[in-house]
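**Student:** Sequence and computational prediction follow.
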Amino acid sequence: MAILYSDSNQTASIEPQVAEFRFLLEQFADLKIMRYRVPGFDLLTLKQKMLVYYLSQAALAGRDILFDQNYKYNLAIRRTLENIVENYKGDRNSDDFQRFMVYTKRVWFSNGIHHHYSKDKFFPEISTEYFETLIRETQGGEFPLRNGQTLDEFISEITPVIFDPSIAPKAVSQEAGKDLLLNSACNFYEGVNEKEAVDFYKSMSHIEVDTPLSYGLNSKLVKKNGVITEEVYKIGGLYSGAIGQIVFWLNKSATVAENQHQQKVIESLVKYYETGDLTTWDEYNVLWVKDVDSHIDFVNGFIEVYGDPLGIKATWESIVNFKDLVATRRAETISLNAQWFEDHSPVNPEFRKAVVKGVSAKVITVAQLGGDCYPSTPIGINLPNADWVRKEHGSKSVSIENITYAYDQASLGNGMIEEFAGFPEEIALAKKYGNLAGNLHTDLHECLGHGSGQLMPGTRGDELKNYGSPLEEARADLFALYYIADPKMMELGLYDNEGVYRAEYNSYIRNGLITQLTRIEPGKTIEQAHMRCRQLIAAWSYDLGKENGVIEKLFREGKTYVKVNDYQALRSLFGQMLAEIQRIKSEGDFNAGRNLVEKYAVRVDQVLHAEVLERFRRLNVAPYGGFINPVFIPEKEGENITDVEIGYPEEYTEQMLDYSKNHSFLPTYK
Ligand code: ZN
């Protein structure tokens, strides 16, 4: 699990000073396009700004690589569509043309003709005749014709590739019993079947025992005249044009590195791109993991293997970022006070840890996304992937707060809060404090919650079996819920208004009892550990406080709402529940744990579920989202850069056309 992706349809808050910034740009098919801000960029030194600028150019330079890796026709199709977008002279307002545009935007979004998530081929909702008309009535630009190919031949080659469902139906097939390579459209293998590829790499796996190289990570495996060879991604090898540009910008980055170590990191990456040598790749990763003092950091390379059904070959990706000092300080404050929180925890004193150390969460601000991180974007990074490097040298694990913030802000307009929060005060609290409350909850959960408490002598820790993970999540969540309303939070300066914990309590109960049901299919029970945890806590506290009306269920015009009536009483219940779940864990009480989970966390009220799904359907919220990038504009005097300005474009189509024009370095066909 190297990269984490956000749950969609979360709800959150707003900061008055950025209310004018448009986070949600457009929505089509099952996608929404958003953008993110880069707070803190203006506070960087000129040298740091230049470093961000150069690294961002390196992040954009590899885009074509990903298109080609996903499917061998993707660049040809993209260039065909873009030529029509730019030069078609017919009616551009017709329904057909709008449908053509939706298809084009989907291809840009997925970096190819297969859905970025399901990996299934998707299709334009236009006829092949209309598509042919578009090509013939486009004048001025160029279509990606092969050498000596006529326009007619071109049309008969490209049309079925786009429209025929039997051609390349899946980018990555995982269908058991069928040859995974021959049934996958991804472009990591040519003329090679599954067995040949597996055998090819098996023969190498015995070479280093302690520090195994990631064989096959950065190459295409090709069979020619009966011989299987690797075409390595490197300068002078496969994808040389794009890699040359990446290296050009990395070399510039090295001249403005923040310190000598960071300079070595960049130089080692350049050496890897020049040679394709996987030993150098590991050397680079070891250096990268140790670069913890620099303010600015980046990911750049062939890294994740989800695009290959065999999980050997990596797609190209890049992220440029710098430390989020405010958020990191917030997490550090909580972490530094770990002992105080442990000593005051409402659990039985013998279940408390005598000496506890908080985990310090690192938070970053993303400044640019590229390749497989764009436009669909991770919200956290945990790299490198090589197990032996992680074991011997550690890894970097960070969360990306400006992206989660933008997700939250973009979701404000989707109507979720208005639909599911029952009262104007509740909606206002959510909008004002929801984001900060959510971040504090995550900090308390991650930095303290999981690490708190201890097992009794004789308890091994695996007694709770399949109920272990929802109960563990509930323990960490209850720790966070109990402490987010503690006066200590204000004392530490973590917030200055009680509205923060009220917003958190409202949204937690609302989500646990109602809104998270939007992610469950009709008739299904709850399986996922985090979702079980949330329903467990919300339903159990509702039950415990029922007599005193701590939480109330209301029905209005056929809609169900929940309302927290007594926040302090709810906090006491959270403390009581934390004490019990800690006891269950400390003593390894399987029966009590199972009874709680089975009673509260698994089953779904069918009538309520149907109601919630219908309310959600009417909101028309796109399930998947992605982000366009900011632009960095260097100001120059002669050859010298005197400042770098940041701009926030608003047009998805424009950014995509700009990237294809100015950051495109590969030929259509190899
Ligand atoms: Zn957790």
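**Tutor:** Perfect, I can see it now. Just so you know, these numbers come straight off a predicted model, no measurement behind them. Numbers count the residues shown, from 1 in each chain.
**Student:** From the centroid of the protein, which residue is nearest?
**Tutor:** When CA atoms, centre = their mean is applied to the chain, the residue found nearest the centroid is Pro378 (1.9 Å).
**Student:** in this protein, which helix or strand is least confident?
**Tutor:** Within the chain, no helix or strand scores below strand 3-4, which has a mean of 44 by mean pLDDT, DSSP states H and E.
**Student:** which parts of this structure sit against the ion?
**Tutor:** Counting by CB under 5 Å from the ion, the residues of the chain lying close to the ion are Glu473, Ala476. From N, CA and C alone the C-beta is placed, and that goes for glycine too.
**Student:** Low-confidence stretches in the chain?
**Tutor:** Applying pLDDT under 70 to the chain flags residues 1-19, 206-207.
**Student:** hang on, the earlier thing: just confirm the residue nearest to the centre of the chain contacts Ser399, I think it does.
**Tutor:** No. Counting by CB atoms under 8 Å, Pro378 sits too far from Ser399 to count as a contact (9.7 Å).
**Student:** All the helices of the stretch 401-550 of the chain, residue numbers only.
**Tutor:** 401-412, 416-420, 424-443, 468-484, 487-491, 499-513, 529-544 (DSSP state H, counting those that start in this stretch).
**Student:** any chance of the ones you listed in TSV, with distance to Glu580 and mean neighbour count too?
**Tutor:** Output for the helices of the stretch 401-550 of the chain, formatted as TSV (distance: least, CB to CB, whole Å; neighbours: other CB atoms under 10 Å):
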stretch	distance to Glu580	mean neighbour count
helix 401-412	31	22
helix 416-420	29	21
helix 424-443	20	21
helix 468-484	9	24
helix 487-491	23	13
helix 499-513	17	23
helix 529-544	9	21
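**Student:** would you list the ones you listed in TSV and tack on distance to Leu310?
**Tutor:** Formatted as TSV, the helices of the stretch 401-550 of the chain follow (distance: least, CB to CB, whole Å):
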stretch	distance to Leu310
helix 401-412	30
helix 416-420	39
helix 424-443	35
helix 468-484	29
helix 487-491	49
helix 499-513	38
helix 529-544	28
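**Student:** Mind checking what secondary structure the residue nearest to the centre of the chain has?
**Tutor:** coil (DSSP: H, G, I helix; E, B strand; the rest coil).
**Student:** Could you give the backbone dihedrals for it?
**Tutor:** phi -70, psi 160 (degrees, to the nearest 10).
**Student:** Also Tyr561?
**Tutor:** phi -130, psi 160.
**Student:** Identify the residues contacting it.
**Tutor:** Going by CB atoms under 8 Å, 6 or more residues apart in numbering, Tyr561 touches Phe420, Ala421, Gly422, Phe423, Ile514, Lys553, Leu554, Phe555.
**Student:** Tell me how far the fourth one lies from the ion.
**Tutor:** Meaning Phe423. Separation of Phe423 from the ion (CB to the ion, to the nearest Å) stands at 30 Å.
**Student:** wait, that residue sits on Val564?
**Tutor:** No. In this structure Phe423 lies outside contact range of Val564 using CB under 8 Å: 10.3 Å.
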